[in-house]
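In: quick one: sequence and predicted model below, then my questions.
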Amino acid sequence: MAKLLIMAGGMSSRMKKVEGSEALDSALVQQANTLPKGMIGVGKDGRPFMDYLIYNAHLAGYDEVLILKNPKDTVTKPYYDKLVEDGKAWGMKFRYATQQIAADREKPAGTADAIQQALEQTPDWKGGRFTVCNSDNLYSVQVLTLLKENPIQNAVVSYESIALGVEPERVKAFAVIKADEEGYLVEIIEKPNDEQIDSAKDANGKIGVNMNVFHFNYDDILEYVTKEPFNPVRNERELPSAVMKMARENQKKVITVSVEENVPDLTSKGDISIVQKYLVDTFGDF
């Protein structure tokens, strides 16, 4: 079975900010303030955003989805359980894990912690491979297929920055991906400076950006997320850092998958109207 892990355990703090509320009706504002981002009803007839991601995964040939939830999330599991019961879940097998929050913290401990908790709660995935992504980005069928079918055990998608819609002056706000001549990962550089951006350009002068969609061997990534320390600035254990260390310590362990396309992003209230239009234009009556 082709497996997809969706990280949906965050606190959605940017979505809960006031900015962008003026363009939305009160019902959507209420959802944005209270629901996990992937469950906001931005689609046709209020269909949750995450439905479109899971549908794309279905079209790409995935048949098992593990949703990593926040411990306070009381809506995601009942919703998808009902879809399965009604025979409207595209034949997907749904599973759930919870990203527990330590007693001395107010929010989850980051994406490396998310992967560790999800895999430790799903030991039967051991020895296999899976794709992992955010719940608030809509990754394409093409990208999900490229990862599922990649012969290299561990992979990260490198989105060409211009196609992604990132203006050159804004690249510094992203994490850029540096690869060797064969496309194997060398480094993921968070908030790079001008020199680091130049060093990350490929042979055609293009810059790859990380949008948090990866493919992993269970045993490989669990080793590295388990030993990933807390970032001293963000006070979180971060997946890109763990992936970079795996690549650094094991030559040709992580391949980059280069694509040129945009990724609809549901990060803040200001994104909601943009995403709604994209879903209507792209998915029609789905």
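Out: Received, thanks. All figures in this text were calculated on a predicted structure; none of them were measured in a lab.
In: for the chain, name the helix or strand with the lowest mean pLDDT.
Out: helix 26-34 (a mean of 90; mean pLDDT, DSSP states H and E).
In: just how off-centre is that one within its chain?
Out: 22 Å (C-alpha atoms, centre = their mean, to the nearest Å).
In: also stretch 235-246?
Out: 14 Å.
In: one more: stretch 15-33?
Out: 22 Å.
In: same deal with stretch 149-162?
Out: On C-alpha atoms, centre = their mean, the centre of stretch 149-162 falls 13 Å from that of its chain.
In: with stretch 128-139 instead?
Out: So, by C-alpha atoms, centre = their mean, the centroid of stretch 128-139 is 5 Å from its chain's centroid.
In: what residues of it count as buried?
Out: Within stretch 128-139, the residues that qualify as buried by neighbour count (16 or more other C-beta atoms under 10 Å) are R129, F130, T131, V132, C133, N134, S135, D136, N137, L138, Y139. For the C-beta atoms, the positions are set from N, CA and C on the backbone; glycine is no exception.
In: skip the chain neighbours and tell me the closest residue to the first one.
Out: Which is R129. N217 (5.4 Å; C-beta to C-beta, 6 or more residues apart in numbering).
In: what helix or strand does I188 sit in?
Out: Assigned by DSSP states H and E, I188 belongs to strand 185-190.
In: residues in contact with that strand?
Out: With contact meaning C-beta atoms under 8 Å, 6 or more residues apart in numbering, strand 185-190 is reached by 156, 175-180, 196, 200, 210, 240-241, 243-244, 247-248, 253-256.
In: which residue ranges of the chain form helices?
Out: 26-34, 49-59, 76-85, 111-120, 141-149, 161-164, 194-200, 218-226, 239-249, 272-283 (DSSP state H).
In: may I have the shortest one as PDB, with CA atoms only?
Out: Think helix 161-164. What follows is helix 161-164, C-alpha atoms only, in PDB (Å, rounded to 0.1, in the frame of the first residue of the first chain):
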ATOM      1  CA  SER A 161      11.000  29.600  -6.800                       C
ATOM      2  CA  ILE A 162       9.700  31.700  -9.700                       C
ATOM      3  CA  ALA A 163       7.100  29.000 -10.700                       C
ATOM      4  CA  LEU A 164       6.100  28.800  -7.000                       C
END
